[in-house]
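**Q** Build me a structure from this.
(one chain, ligands or ions: 1)
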Amino acid sequence: MAAHPIGIFDSGYGGLTVLKDILEQIPEYDYLYMGDNSRAPYGTRSYETVYRYTLECVEWFFSMGCPLVVLACNTASAKALRTIQQNDLPVIAPNRRVLGVIRPTSEIIGNYTKTGNIAVLATNGTVQSQSYPIEISKFFPNIAVFQEACPIWVPLIENNEHTGEGADYFIKKHLDAVFSRSPSIDTLLLACTHYPLLMNKIQQYIPEGVTILSQGKIVAASLKDYLLRHREISEKCTRGAERIFYTTDSTADFDNHARLFFGKDIKSLHLDLDKNP
Ligand code: DGL
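**A** I've put the predicted structure just below:
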């Protein structure tokens, strides 16, 4: 086990799509990934529950020596990050950091739209939190954000039904719904870890010329920049290019899904949070 890896957290497998891009841009660091599969999905759960689960996982990452944890999960970033940063970190770990995926995306999204109309596709939890409209308005006050919750998309992917014909109905349904609210939308943000896996089908059902943004590369570039700007954190992160994967549920299931989300074979380890001190 590396002494001080960067922690990458997700409710399950989805964060592997983000880790994949992080490894392309900053492979030299050690990484510790944890998917809380036994309690996923987070996208349908309340604030209190997502916060409690996420905090518990963040504490586990700290106990494993991570100076920095990235919440690769949009739902956890939307519902738990701010409270953890503002209320918990100063008490439990003032010298460690937790980052999310919403701010880095919101900071740059305005560079892609010409019409000032963007669509954000996400889980129910992320949409209800209003995190994207709030965060985007801080950087780009004139942009109109049209949100659409696509609750069926995650189970479609996790059950490997996302490339079949059945998936088209649900993909088209949500895209039609959001574009009917503003035909001027020219930028579509996939604000859920899983949605990049639907890229081919999404492309079929959107008007020509619309830019589709998935977050992996954006989050990776932002993390790289953060590590350059915050030497006090990056110097604590060890650079042995080690990757360790934990899941709170079946390791066999995790390893099977990993191929889909990560594009590579993984041998994960099991974590029982109840047994963790
Ligand atoms: N990882 C979640 C997200 O990005 C999707 C899966 C879930 O609902 O747990 O919002």
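
**Q** ok now do residue 250, which residues does it touch?
**A** Residue 250 sits next to 37, 270 when contact means C-beta atoms under 8 Å, 6 or more residues apart in numbering. C-beta coordinates here come from the backbone N, C-alpha and C atoms, glycine included.

**Q** The one 4 residues further on now?
**A** Residue 254 makes contact with 13, 35, 37, 245, 247, 266, 268, according to C-beta under 8 Å, 6+ apart.

**Q** C-alpha coordinates for the host helix or strand of it, PDB please?
**A** Assessed by DSSP states H and E, residue 254 sits inside helix 251-262. Extracted as PDB, the C-alpha positions of helix 251-262 are listed here (Å, rounded to 0.1, in the frame of the first residue of the first chain):
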ATOM      1  CA  THR A 251     -15.100  -7.700  -5.800                       C
ATOM      2  CA  ALA A 252     -16.200 -10.100  -8.700                       C
ATOM      3  CA  ASP A 253     -18.900  -7.700  -9.800                       C
ATOM      4  CA  PHE A 254     -16.600  -4.700  -9.500                       C
ATOM      5  CA  ASP A 255     -13.900  -6.400 -11.600                       C
ATOM      6  CA  ASN A 256     -16.500  -7.400 -14.200                       C
ATOM      7  CA  HIS A 257     -17.900  -3.800 -14.500                       C
ATOM      8  CA  ALA A 258     -14.400  -2.300 -14.400                       C
ATOM      9  CA  ARG A 259     -13.800  -3.400 -18.000                       C
ATOM     10  CA  LEU A 260     -16.800  -1.300 -19.100                       C
ATOM     11  CA  PHE A 261     -16.000   1.800 -17.100                       C
ATOM     12  CA  PHE A 262     -12.200   1.700 -17.000                       C
END
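
**Q** touching the ligand at all, it?
**A** No: remark: helix 251-262 sits outside contact range of the ligand, by C-beta under 6 Å from any ligand atom, the gap being at least 10.4 Å.

**Q** hang on, the earlier thing: which of the contacts of residue 254 tops the neighbour count?
**A** Most neighbours among those, by other C-beta atoms under 10 Å: residue 35, with 29 neighbours.

**Q** what's near enough to touch it?
**A** Contacts for residue 35 (C-beta under 8 Å, 6+ apart) come out as 10-13, 15-16, 245-249, 254.

**Q** got the contact list for stretch 91-106?
**A** Residues from elsewhere that reach stretch 91-106 (C-beta under 8 Å, 6+ apart): 18, 58-59, 62, 66-74, 76-78, 81, 84-85, 89, 131-132, 135-136, 138-139, 189, 191, 213, 215, 218-219, 221-223, 226, 230, 233.
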